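here is a sequence together with a model predicted from it:
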Amino acid sequence: MTVARESRDLDERLVDLLYPDELSPEEAAALRREVEAHPVYAERLRQLQRLQRAVRELPPVEPDPQIRYDLLREARAAVGDGKKKGGLLGLLESLALSPILAGAAVVAVVGGGMFLLQREMSDEAPATAARIPGEPPAAAVAAPERPAATPAYEAAPGAAAPASAPTFAAKGEDQQDEPSPVWDAKESVADKGGATRLEEAKPFPGRDAARGTLNDAPAPVPSAREDDLSLAREKKKQAFADEGLMPKAEPVQRPEDTFAEPSARRAEGGEGRGAVQASAARNAAPREESAGAERALGAKSDRDLASEDDGNIAGAPQAQAAGDADDEAPLRESAKARPAAPPPPRPAPPPARAETEAVAQQPAPETRSGGAGYDALGAGAAAPAGAAVAADAPPPALDRARQARAGRDFSRAAKLYEQAIRESRGADQAAALFEAAETYERLGDTSRALALYERAVRAGGAYGDRAREAAGRLRSLEAAPKKAPARKAAEPSMDFDAEQAAPTGGDPPPPEAPATEKR
Amino acid sequence: MLNLLLMVFGRRRSDSDEDLMERFRDGDARAFDELLARHERPVFTFIYRFVHDRELANDLMQETFLRVIKGAPGYSRKAKFTTWLYTIARNQSIDALRRAKYRRAVSLDATPAGDPDGQPLIEKVAGDGEDGHVRTDAGEVRHRIEDAIARLSNEQREVFVMRELMRMPFKEIADVVGIPENTVKSRMRYALENLRLALADYASDLPGAVDPVPARNRV
């Protein structure tokens, strides 16, 4: 009786020995000793272990790749329904998904900071911000050539705006009287340039003297304004000459020449703020001509405006994602009756995708110096946001490659996968590498498939694990003495598409809560 | 600020399933891509071994992940993601089997599981080259193993597949199936015993077998 019970217990505990990772080492050792003491059970354990190895060596089964494609589109559509996270993280992620918002936020933050800096400097030099009642703004005197009401699309003077050195001390509040909001934004940036420049000028020995001159110059002479302003200008010039910021022998040299480098660079690169504003204003004019719209445009970064000017590049992926969402209605239907034919061809991806990514990947330029700093605002604002948008949806080439593969056009799929590998980064690239390798393997180009599997392994992640496994399988097939039949048996994934041409049947969808009792 | 940005932009695929699911719930579609890459094949394998029909398995896998997508807004980190995922997959499979009154009829002439082009392995590999008999044996063994798994009862098969092919711990299987862990082990034991008996004739062909004596002559 006892022996029979012991035998039954031992029989039941053989399962534990098959999975010793669920036992403590001591328990496993004790049980193993006990089983080894009974030859019958020891032999049964060996048989079960052989069976276990045989089961684990069963070839993996692959799902239909079209399902993956459909599910990814469904997931993107579901995410696009507007689920947002609250709090700071949610704000940051929403900014990451919207380059325009991100650009505006960065410009607002940096602009605010610079404004505060400017105010602080103005407080240090109260005389420079002092307004004479009834007098025209000092800036208007300093730059009389600028029209009083500059249209937004005639903003080319912005290129010359950065820091008219003798007069920047008189800027600040005066600029708020300008009628064009676009001009305001530009001038505030120019002020940032001036302020930065002044900060950089701190090490110069004559700076304190110059500040004293600037502080004292215009305020105490209300009666003889012209003379006083001229005198003030002369004093400023003298102070700058003393500092070495302006050569004494060139009284007619405009300070713009000193700071013209960023403007010239922008003009050369076709990225002139004025030109961008002009084109942006032209784009905006038919839609809305209000000053509010112009202000909004003025607040955008150069990159965003350039993107808009080029046909709304930044918005293209989102629009495409929205289009994808519209295409998803029959997804559930396809689960019931999946046709052999590939899904209808999607519209060609926006050709400017590469441009968007190129913009997103541009390194932010140096932000320490005046106009270049402003350039950096645009790039800095656009880069992370653009990158996030580029990373949000898989590259169009990857989508098209999957589509081609689902349509069994493997040659075209391989080319598109190569393109997707070049265009994508991170997880998308890993997916492209793995799927490209599968496609090449399907095409019989095992060397290329192996190379891509190895790259996918290096990329890591879930695809890396699968690629490692697939590469091992491929190598073992290559090393096998007789390859043809075994090779066919081990072909991955796609040979069963023809079977799926037949619909599965018209069963109704299962209930939300499956009528499955726990057994 | 920089840390926050790094936190937002710098998260990578080392995230757990639960992290990924929360990210997907919060609007990150790429997190679902990663989840799908991790679980697509195991879930398909599980369903396929369960229903033994590739087409049906494709449909059920799609339905399973669609339910994950639709359930994402209400997802909370109360249980392991895989427990939830395989519970959905299992319920889908059982419902489908019941609905279609699916009956398996497998034989040596049937298309073996995992065969991509519908040709029985026994025909495909027989007589191929000098080691054709070895290939035939290996193919037959594989075929018989799949056949034997398919012949297990649903209760035994789901436990066996989850433990042996999904490598899920008994505890997690118990959570998925909704039965005590000891019952899971008991079903596993019966499943193994049935498989051992079904494959007794091929025991010498199983990996690791060194005994040339035919299995039927052994104890």
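Alright, I've got the coordinates. Numbering: from 1, shown residues only, chains lettered A, B, ... in the order given.

stretch B:73-81 near chain A anywhere?
Yes - interface with chain A: stretch B:73-81 contributes B:Pro73 (C-beta under 8 Å from any C-beta of the partner chain). All C-beta atoms are positioned from the backbone trio N, CA, C, and that covers glycine.

so what touches that stretch?
With C-beta atoms under 8 Å, 6 or more residues apart in numbering or on different chains as the test, stretch B:73-81 has contacts from A:Lys83, B:Ser16, B:Asp17, B:Glu18, B:Leu20, B:Met21, B:Glu22, B:Arg25, B:Leu35, B:Trp84, B:Glu172, B:Asp175.

after the helix or strand hosting A:Ala401 comes which helix or strand?
A:Ala401 belongs to helix A:396-406 when assigned by DSSP states H and E. The helix or strand immediately downstream of helix A:396-406 is helix A:410-423, counting by DSSP H and E.

I'd like the next helix or strand past that next one.
Assigned by DSSP H and E, the successor of helix A:410-423 is helix A:426-443.

the helix or strand just after that following helix packs against which elements?
Sequence order places helix A:446-459 as the next helix or strand after helix A:426-443, per DSSP H and E. Judged by 3 or more C-beta pairs under 8 Å, 6 or more residues apart in numbering or on different chains; DSSP states H and E, the packing partners of helix A:446-459 are helix A:426-443, helix A:461-479.

check which residues of helix A:446-459 are buried.
Buried positions in helix A:446-459, judged by neighbour count with 16 or more other C-beta atoms under 10 Å in any protein chain shown: A:Thr446, A:Arg448, A:Ala449, A:Leu450, A:Ala451, A:Leu452, A:Tyr453, A:Arg455, A:Ala456, A:Val457, A:Ala459.

could you do stretch B:185-197 as well?
B:Lys185, B:Ser186, B:Arg187, B:Met188, B:Arg189, B:Tyr190, B:Ala191, B:Leu192, B:Glu193, B:Asn194, B:Leu195, B:Arg196.

out of those, who's nearest B:Ile179?
Ranked by distance to B:Ile179 (C-beta to C-beta), the buried residues of stretch B:185-197 are led by B:Arg187 at 8.2 Å.

give me the pLDDT for that closest one.
pLDDT, B:Arg187: 92.

same deal with B:Val184?
Note on B:Val184: pLDDT of 92.

what's the helix or strand for it?
Assessed by DSSP H and E, B:Val184 sits inside helix B:181-198.

can you work out which other helices and strands pack against the helix holding A:Ala401?
If you count contacts as 3+ C-beta pairs under 8 Å, 6+ apart, helix A:396-406 packs onto helix A:65-79, helix A:410-423, helix A:426-443.

quick one on the thing from earlier: now check the helix holding B:Val184, is it near chain A?
Yes - for helix B:181-198, a contact with chain A is found by C-beta under 8 Å from any C-beta, at B:Lys185, B:Ser186, B:Met188, B:Arg189, B:Leu192, B:Leu195, B:Arg196.

quick one, what contacts the last one?
With contacts taken as C-beta under 8 Å, 6+ apart, B:Arg196 has the following neighbours: A:Arg44, A:Gln47, A:Leu48, A:Leu51, B:Ala203.

does the first one touch A:Leu14 like I think?
If I follow you right, that is A:Arg44. Yes - in terms of C-beta atoms under 8 Å, A:Arg44 counts as a neighbour of A:Leu14; the distance is 6.4 Å.

just to revisit the earlier point, turn the contacts of B:Arg196 into TSV, columns for secondary structure and distance to B:Glu63.
Listed next are the contacts of B:Arg196 as TSV, based on DSSP: H, G, I helix; E, B strand; the rest coil; distance: C-beta to C-beta, whole Å:
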residue	secondary structure	distance to B:Glu63
A:Arg44	helix	40
A:Gln47	helix	38
A:Leu48	helix	35
A:Leu51	helix	32
B:Ala203	helix	39
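
just the buried ones from those?
Applying 16+ other C-beta under 10 Å to the contacts of B:Arg196 flags A:Arg44, A:Gln47, A:Leu48, A:Leu51, B:Ala203 as buried.

low-confidence stretches in the chain?
No chain in the question, so chain A it is. A:1-8, A:81-102, A:123-395, A:479-519 (pLDDT under 70).

um, chain B though
Residue ranges of chain B with pLDDT under 70: B:1-14, B:101-138, B:202-219.

in it, what residue spans correspond to helices?
For chain B, helices defined by DSSP state H occupy the ranges B:2-9, B:17-25, B:29-51, B:54-71, B:81-99, B:121-125, B:132-151, B:154-160, B:170-177, B:181-198.

dump the ones you listed to CSV, plus distance to A:Arg408.
CSV is the format used below for the helices of chain B (distance: least, C-beta to C-beta, whole Å):
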stretch, distance to A:Arg408
helix B:2-9, 37
helix B:17-25, 30
helix B:29-51, 20
helix B:54-71, 16
helix B:81-99, 27
helix B:121-125, 22
helix B:132-151, 27
helix B:154-160, 33
helix B:170-177, 36
helix B:181-198, 37
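
A:Leu416 reaches A:Ala401, doesn't it?
Yes - applying C-beta under 8 Å, one finds A:Leu416 in contact with A:Ala401, separated by 3.5 Å.

who has more neighbours out of the two?
A direct count of neighbours by other C-beta atoms under 10 Å in any protein chain shown for A:Leu416 and A:Ala401 places A:Ala401 higher, at 29 against 25.

let me see the contact set for the more buried one.
For A:Ala401, the contact set (C-beta under 8 Å, 6+ apart) comprises A:Ala413, A:Ala414, A:Leu416, A:Tyr417, A:Gln419, A:Ala420, A:Ala432, A:Glu435, A:Ala436, A:Thr439.

quick one: the first one and B:Trp84, what's the gap?
Looking back up the chat, that one is A:Ala413. For A:Ala413, the distance to B:Trp84 equals 33 Å [C-beta to C-beta, to the nearest Å].

and for the last one?
Using C-beta to C-beta, A:Thr439 is found at 33 Å from B:Trp84.

neighbour count winner among these two?
Using other C-beta under 10 Å, the more surrounded residue of A:Thr439 and B:Trp84 is A:Thr439, with 30 against 20.

quick one: contacts for the more buried one?
A:Ala401, A:Arg405, A:Phe410, A:Ala413, A:Ala414, A:Tyr417.

go with 7 Å
Going by C-beta atoms under 7 Å, 6 or more residues apart in numbering or on different chains, A:Thr439 touches A:Arg405, A:Phe410, A:Ala413, A:Ala414, A:Tyr417.

quick one: which of these has the most company?
With neighbours set by other C-beta under 10 Å, the maximum within the contacts of A:Thr439 is found at A:Tyr417, which has 29 neighbours.
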